[in-house]
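J.: model the structure of this input:
(2 chains)
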Amino acid sequence: MEMLSGGEMIARALEDEGVEFIFGYPGGAVLHIYDALFKASKVPHVLVRHEQAATHAADGYARATGKPGVVLVTSGPGATNAVTGIATAYMDSIPMVVLSGQVQSHLIGEDAFQECDMVGISRPIVKHSFMVRKPEDIPAMIKKAFHIATTGRPGPVVIDIPKDATRPDAKFEYHYPEAVKMRSYSPAQRGHTGQIKKAARMLLSAKRPVIYSGGGVVQGEASGLLTELAQSLNYPVTNTLMGLGAYPGTDRQFLGMLGMHGLYEANMAMHNADVILAVGARFDDRVTNTVSKFCPGAKVIHIDIDPTSISKTVQADIPIVGPVHSVLSDLMEQVSQMRKKDADLPDQPALERWWQQIDEWRGKHGLWTGRRYGENEHIKPQQVIESLYRATGGNAFVTSDVGQHQMFAAQYYRFNHPRRWINSGGLGTMGFGLPAAMGVKLAFPDADVACVTGEGSIQMNIQELSTCTQYNTPVKIINLRNNYLGMVKQWQDMQYEGRYAMSTYEDSLPDFVKLMEAYGHVGMQVRSLDELDAKMEEAFAMKDKVVFLDIFIDPMEHVYPMHVAPNGSMKDMWLSKNERT
Amino acid sequence: MRRIISILLENEPGALSRVVGLFSQRGYNIETLNVAPTEDATLSRLTLTTVGDDKTIEQITKQLNKLVDVVKLVDLTEGAHIERDMMLIKVRASGGAQRDEVKRTTDIFRGQIVDVGPNVYTIQLTGTGEKLDSFVAAMAEAEILEVVRSGVAGISRGEKVLRL
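T.: As a prediction, the model looks like this:
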């Protein structure tokens, strides 16, 4: 048996696990590990400029590929800098393994240099965490970490590694386990057959059905099945912010995103539905609006791998715990058997009336049927997303930061494939977009990768422009520039009589074109609509360059629809500045 | 409603903090908490009492089950069960009348005086949480100097067991 040091075991285990990239930043407590990586590892390491970016890059990589992202950071500030990214991954159920250095075992608890209790700090934002007590446990611990991170409802796992556990002079027998078995961890493998039968019956009895699907369908690789089920029944589908792309965005049966900034037809269909099939979604507060007024006439079938998601906010009439892929496949089988026995299912005339109603809503206030935003001398943010869509043929990976630009992208870039829309939905982390785009671009070097951002968000991790240079990740940055923290400003317009408390930066923004040039990239300003498409195409034609499009948009534009809150229901929406349902 | 939830927990460092952290993180109450090793050195048995409506309790049990260190869990209040809380209470007992009164009340509750000083009695009492509350109330006349309770431990009646 091969004898390896703790550091070498980590390097080797990551290799044996099939890890493609490590995103990280060295420091005192992890130097043995970095030395082992330097000497032996075949796994490329991406040196970011701030540990938060390491976690977001690993996260973007994970969302785009479905494989776990891997992060390596040092103790103390290295670990705490990673916390925002770990929380981001946790809220969106992204598989990630974070290796954090720790001070030497005998110093733990003594407030040693660069010591912090990483297991404690990260506890509420990880799926699980480990601390290495004995170096010989490292291979099995790493195997367990990947197993936990990637199975069931995925999530981040932290392994905290005291420096002495990785010292080069202490060697141990290395064996990487093929599989793990944990008595206390066994996520459901199948849904309950009886429940699935009941669900099929309820689904087929529906007169006004809606399929409401979330990030779980993307994560669970069930987009194909979901699409098949919806199309075989001719049922309308709405996706959550996290679920976009799970159902083809340009398909007639797609109602668009639902929720706070969801499309009118999606929210209206939900509110008036009699049966809601929720798949891999969690009835988040940005979806439901006031829970007590949520979809008053609807029976809810809820499929989720995580039992805690079911009946947490909205009571499920038929809960089904299981992997969405297997449950949807069983559900399809039941549905097709029932329809063989009774060819009149589902009720076609009722369904036809339902579609008429939906089409009427669409015609009235749909975002995609005719132009729904006003025009003036400014470029409208919506037009930028439409231009991006045209320039990339609708096939780009689009990452985003957080704010108005994120909502415009979600509304107007009609994703036809899963894993193409990459944003921080749950935690809402500004600064996510650029590092996430780097992670995506590394995984798919030939694909178009766009980071839709604003001048507020981009500055939260703008140092990563340097990482883009070092690792040649030519992403395109689409900056919707309105010179405000746009979503904050929108709320201040709507709820604080336009008092823009700390939501603007006066004239202190950098010259982004010069800044890009300083990093060796390309920056371009776009100030009028006439040049928008041409500049967009020019940017994407520069395949080997990071290009930053600084696009000056209408600073007064708001995102609509917007749920009326507090105390509103799904159907209560602002449709424009002076029009509401 | 008050519930007694009993958990078999991996005897791992940090396991207890995950359970306790879950309660504070999600805004659930813990009224009592009792944790100790079992006959199996790899497992701890943790028993806690909490108060909440059915929906909250359902979430609590689901969230606890989701913790990787939680091996098994039972809501003892769903079936017939035995609960025991142990209290050590130190009260002022000086002068014949007061000492007699404290002794009498202790006997009524089937407690034991386990330590005697010139001016204090230390009483040990075991029973349900409710019984211990009643005793404390009954001692209201005396001067209570110190109260220590173990927190509720519980077990199902009959054949039902919580084990691997």
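J.: and chain B, which residues reach chain A?
T.: B:10, B:13-14, B:17-18, B:21, B:25, B:55, B:58-59, B:62-63, B:65-66, B:68-71, B:164 (CB under 8 Å from any CB of the partner chain). In short, each C-beta sits where N, CA and C put it, glycine included.
J.: show me which residues of the stretch 101-250 of chain A are close to chain B?
T.: Residues of the stretch 101-250 of chain A lying close to chain B (CB under 8 Å from any CB) are A:119-120, A:123-124, A:127-129, A:131, A:133, A:148, A:182-185.
J.: among these, name the buried ones.
T.: Neighbour counting by 16 or more other CB atoms under 10 Å in any protein chain shown classes A:119, A:123, A:127, A:128, A:129, A:131, A:148, A:184, A:185 among these as buried.
J.: quick check: phi and psi at residue A:360.
T.: For residue A:360, the backbone dihedrals (degrees, to the nearest 10) come out as phi -60, psi -40.
J.: which ones are touching it?
T.: Listed by CB atoms under 8 Å, 6 or more residues apart in numbering or on different chains, the contact set of residue A:360 is empty.
J.: check residue A:46 too.
T.: Going by CB under 8 Å, 6+ apart, residue A:46 touches A:21, A:22, A:23, A:24, A:54, A:57, A:438, A:442, A:467, A:471.
J.: excluding chain neighbours, what is closest to the last one?
T.: To tie it back to what came earlier, the one meant is residue A:471. Excluding the flanking residues, the one nearest residue A:471 by CB to CB, 6 or more residues apart in numbering or on different chains is residue A:46, at 5.7 Å.
J.: distance of that neighbour from chain B?
T.: Applying CB to the nearest CB, to the nearest Å, the value for residue A:46 to chain B is 29 Å.
J.: tell me the average confidence for the helix or strand encompassing that residue?
T.: For residue A:46, the host element (DSSP states H and E) is strand A:45-47. Regarding strand A:45-47, the rounded mean pLDDT is 98.
J.: centre of the chain to it, how far?
T.: Centroid separation between strand A:45-47 and its chain, computed with CA atoms, centre = their mean, to the nearest Å, is 22 Å.
J.: immediately after that strand, which helix or strand?
T.: Once the chain leaves strand A:45-47, the next helix or strand it forms, by DSSP H and E, is helix A:51-65.
J.: residues in contact with the helix or strand following that following helix?
T.: Sequence order places strand A:69-73 as the next helix or strand after helix A:51-65, per DSSP H and E. Residues external to strand A:69-73 that are found in contact with it (CB under 8 Å, 6+ apart): A:14, A:19, A:21-25, A:27, A:30, A:33-34, A:45, A:51, A:54-55, A:57-62, A:79, A:81-82, A:85, A:89, A:94-101, A:439.
J.: quick revisit: adjacent strands (with direction) for the strand holding residue A:46?
T.: Strand A:45-47 has its sheet partners listed here by DSSP bridges as strand A:22-24 (parallel).
J.: ok, residue A:196 - contacts?
T.: Counting by CB under 8 Å, 6+ apart, residue A:196 makes contact with A:320, A:327, A:330, A:331, A:334.
J.: let me know the secondary structure of the third one.
T.: It refers to residue A:330. Going by DSSP: H, G, I helix; E, B strand; the rest coil, the secondary structure assigned to residue A:330 is helix.
J.: what's the spacing between the closest residue to it other than its chain neighbours and chain B?
T.: Spatial nearest neighbour of residue A:330, chain neighbours left out: residue A:196 (4.9 Å); criterion: CB to CB, 6+ apart. Separation of residue A:196 from chain B (CB to the nearest CB) stands at 20 Å.
J.: do a quick rundown of the helices in chain B.
T.: Ranges of helices in chain B, per DSSP state H, are B:15-25, B:54-66, B:96-108, B:129-138.
J.: one more: the stretch 201-350 of chain A?
T.: Applying DSSP state H, counting those that start in this stretch to the stretch 201-350 of chain A gives helices spanning A:215-219, A:223-233, A:264-272, A:285-288, A:324-341, A:348-365.
J.: tabulate the CA atom coordinates of the fourth one in CSV.
T.: It refers to helix A:285-288. Only the C-alpha atoms of helix A:285-288 are listed here, as CSV (Å, rounded to 0.1, in the frame of the first residue of the first chain):
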residue,chain,number,x,y,z
ASP,A,285,-41.6,33.7,0.0
ARG,A,286,-40.6,35.4,-3.3
VAL,A,287,-43.0,33.0,-5.0
THR,A,288,-46.0,32.8,-2.7
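J.: list the contacts of residue 3.
T.: Picked chain A for this. Taking CB under 8 Å, 6+ apart, we find residue A:3 in contact with A:171, A:172, A:173, A:174.
J.: actually, chain B is the one I wanted.
T.: B:49, B:50, B:51, B:52, B:57, B:75, B:76, B:77.
J.: state the number of residues packed around the residue nearest to it when sequence neighbours are not counted.
T.: Closest residue in space to residue B:3, ignoring its immediate chain neighbours: residue B:77 at 4.7 Å, by CB to CB, 6+ apart. The burial count assigned to residue B:77 is 17, neighbours taken as other CB atoms under 10 Å in any protein chain shown.
J.: now residue B:77: how far from residue A:204?
T.: 39 Å (CB to CB, to the nearest Å).
J.: just residue A:64 next, same as before
T.: Applying CB to CB to residue A:64 and residue A:204 gives a distance of 36 Å.
J.: ok, residues contacting the longest strand along chain B?
T.: With secondary structure taken from DSSP state E, chain B has its longest strand at strand B:81-92. Identification of contacts with strand B:81-92 by CB under 8 Å, 6+ apart yields B:4, B:32, B:76, B:98, B:102, B:114, B:119-129, B:132, B:135-136, B:139, B:142-157.
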